[in-house]
Structure formats: structure tokens, C-alpha cells
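Asks: starting from these lines, generate the structure:
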Amino acid sequence: MTTPPTKPYVTPTGRVLSDADIEALADEVAGDIDVATLKPRRRGRPPLVDGPADVVPVRLDANLRAAVETRATNDHTTTSDVIREALRRYLDVA
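Replies: Residues are numbered from 1 along each chain as shown. Next up is the predicted model:
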């Protein structure tokens with residue numbers, strides 16, 4: 001009796017793993033693993049300085065929106081960061 005072919009394992013980057021690759025990975029994790037030292041994977045946005053933030057919808061005219069987006073692009077940041085910084089400076093809040 002012949003063994004049916006198995007579907008190849010493919011990594012998210014598209015690399016096809018050979019049987020030797022899979023055996024090497026299995027050998028690598030076959031030892032004792034201290035679960036307490038593993039870091040949990042966090043999802044979502046990182047918290048702001050003071051913890052979770054509220055969402056506050058604000059209407060901006062086209063010119064102001066374009067200026068905020070241009071500043072964010074030039075500063076390699078987000079429009080939210082630009083708006084938060086502008087409000088902190090305007091309100092003199094750290």
C-alpha cells in the first residue's frame with residue numbers, strides 16, 4: 001500500500017518547508033521550555049501615556065485636514081499624534 005502525498009507546509013513568506021526543515025524545527029523545540037519566560041503577544045494599539053484613551057470625533061475642513069496629514073507625513077508620525085501634540089501645546093498640558 002502506498003502512502004498518499006501530503007500537502008507541503010508553506011511559511012507565511014511562501015517558503016516551502018522540507019521534511020528535514022520540519023524535523024530540525026521539531027528538534028529545536030523538543031527540549032524543555034520554560035513557559036514562564038515566554039512573553040505574551042500583545043495585540044492592538046499600544047496604550048498612551050495615561051492609559052486607554054477616549055475617541056473624540058472632530059470635523060476638520062479640507063485645508064486643515066491636508067495640513068495635518070502633510071505634517072504627519074513629514075514628521076513620520078500619525079495624524080492622531082499631530083493633533084494630540086497640537087492640543088497639548090495649545091492647552092499647555094504635558
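Asks: which residue ranges of the chain form helices?
Replies: 19-29, 62-74, 79-91 (DSSP state H).
Asks: which secondary structure elements does the first one sit against?
Replies: With contacts defined as 3 or more CB pairs under 8 Å, 6 or more residues apart in numbering; DSSP states H and E, helix 19-29 has no packing partner among the helices and strands. Backbone N, C-alpha and C define where each C-beta goes, glycine included.
Asks: so what's the gap between it and the chain middle?
Replies: 28 Å (CA atoms, centre = their mean, to the nearest Å).
Asks: now the last one
Replies: Centre-to-centre, helix 79-91 and its host chain are 23 Å apart (CA atoms, centre = their mean).
Asks: which parts of it are buried?
Replies: Applying a neighbour-count criterion of 16 or more other CB atoms under 10 Å, the buried positions in helix 79-91 are 82-84.
Asks: now flag whichever of the residues you listed is closest to residue 52.
Replies: residue 84 (14.1 Å; CB to CB).
Asks: and that closest one, how far is that from residue 78?
Replies: To residue 78, residue 84 is 9 Å away according to CB to CB, to the nearest Å.
Asks: likewise for residue 57?
Replies: Taken as CB to CB, the span from residue 57 to residue 78 is 16 Å.
Asks: pretty sure residue 88 is touching residue 94, no?
Replies: Yes - the pair residue 88 and residue 94 qualifies as a contact (CB atoms under 8 Å) at a distance of 7.0 Å.
Asks: JSON lines for the helices of the chain, including mean pLDDT and distance to residue 10?
Replies: Formatted as JSON lines, the helices of the chain follow (pLDDT from 0 to 100; distance: least, CB to CB, whole Å):
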{"stretch": "helix 19-29", "mean pLDDT": "83", "distance to residue 10": "11"}
{"stretch": "helix 62-74", "mean pLDDT": "96", "distance to residue 10": "36"}
{"stretch": "helix 79-91", "mean pLDDT": "93", "distance to residue 10": "37"}
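Asks: understood, closing this out.
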